[in-house]
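Enquirer: Fold the following for me, if possible:
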Amino acid sequence: MIALSQPVFAQPLPETAGETREAAIQSGDDWGSASTPFDQAGGAGRFAEMDPWQGFNRKIFGFNEFVDRYALKPAAKGYRWVTPEWLDNTVTRFFSNLGDIGDGLNYIFQWRWGEAGNSLGRFGINTTLGVAGLFDVASDVDLRNTDTSLDVTLGRWGVPRGPYLVVPILGPSSVRDATTIYPSSYLWPVSYLEDDLARYSLAALYGVDLRADLLDLERNIVGDRYTFIRNAYLQRRLMQEGKDEEPALPDEDPELESDDGW
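Expert: Reported below is the predicted structural model:
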């Protein structure tokens, strides 16, 4: 599965890396070099210490990669193929607008009133002037889009993160983050729809749209996929909790733009 992050680049993989990676996905074992750009920034030991259950996590990661390769990614590619770019962007803005509600409430729980006003202000403006979030009017009046979560809220109140954990289908997480999956659903407006078909259809559309948006980001992944995605997830969480800074991003490597078929 793909982490939501802006990763950085290293040297291109050798031609045999794809075959090694393919075998590893099916066996659940390690593959490739464990070196990632986050390691180059000095975070290798720190992130590895957060992952004491790596043997178990890699097996779940292998299962997730299998599901992604044969179900989620094909669906995302099909969605992108039949959906015009303007409509794809509109769907993304619609769900981003819904997410601003949960972000705003979490910022209140974090006692970050400026960010709370920003997110709730975005929701109000985009829901009305932006026609239910189909247009991002709020950005035009300098209300930037920022993300947070219940996991970050708990972290800012001192709840320990616990070990890194890979969750089936959902991907990178932690013990603390995994415990917020169910309660976080109450901050998602779609869950309040009474019609089951509408609720499940919107949830499916959200998942496919999100996976489609990650098709370009996955080109950035280099080295050991498991290590890269883990480090990217942990780096993002530390940034959201205000405990770390975002690493600098070099230019995209054109040699990584080809589809490796995973």
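Enquirer: Tabulate the CA atom coordinates of stretch 79-97 in CSV.
Expert: What follows is stretch 79-97, C-alpha atoms only, in CSV (Å, rounded to 0.1, in the frame of the first residue of the first chain):
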residue,chain,number,x,y,z
TYR,A,79,-11.1,4.9,-12.9
ARG,A,80,-8.4,7.3,-14.1
TRP,A,81,-8.8,6.0,-17.7
VAL,A,82,-12.5,6.6,-17.8
THR,A,83,-12.6,9.8,-15.8
PRO,A,84,-11.6,13.1,-17.3
GLU,A,85,-8.9,15.0,-15.3
TRP,A,86,-11.3,17.8,-14.4
LEU,A,87,-13.9,15.3,-13.0
ASP,A,88,-11.2,13.4,-11.1
ASN,A,89,-10.0,16.7,-9.5
THR,A,90,-13.6,17.6,-8.7
VAL,A,91,-14.2,14.3,-6.9
THR,A,92,-11.0,14.8,-5.0
ARG,A,93,-12.1,18.3,-3.9
PHE,A,94,-15.5,17.0,-2.8
PHE,A,95,-14.0,14.4,-0.4
SER,A,96,-11.3,16.8,0.7
ASN,A,97,-14.1,19.3,1.7
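Enquirer: residues of that stretch that come out buried?
Expert: For stretch 79-97, burial by neighbour count (16 or more other CB atoms under 10 Å) applies to 79-80, 83, 88, 90-97. For glycine as for every other residue, the C-beta is placed from the backbone atoms N, C-alpha and C.
Enquirer: which sections of this protein are below the confidence cut-off?
Expert: Scanning the chain with the threshold set as pLDDT under 70 gives 1-44, 243-262.
Enquirer: That one: helices as residue ranges?
Expert: 17-27, 37-38, 44-49, 54-67, 73-82, 85-109, 113-128, 150-156, 175-179, 181-184, 196-213, 225-240 (DSSP state H).
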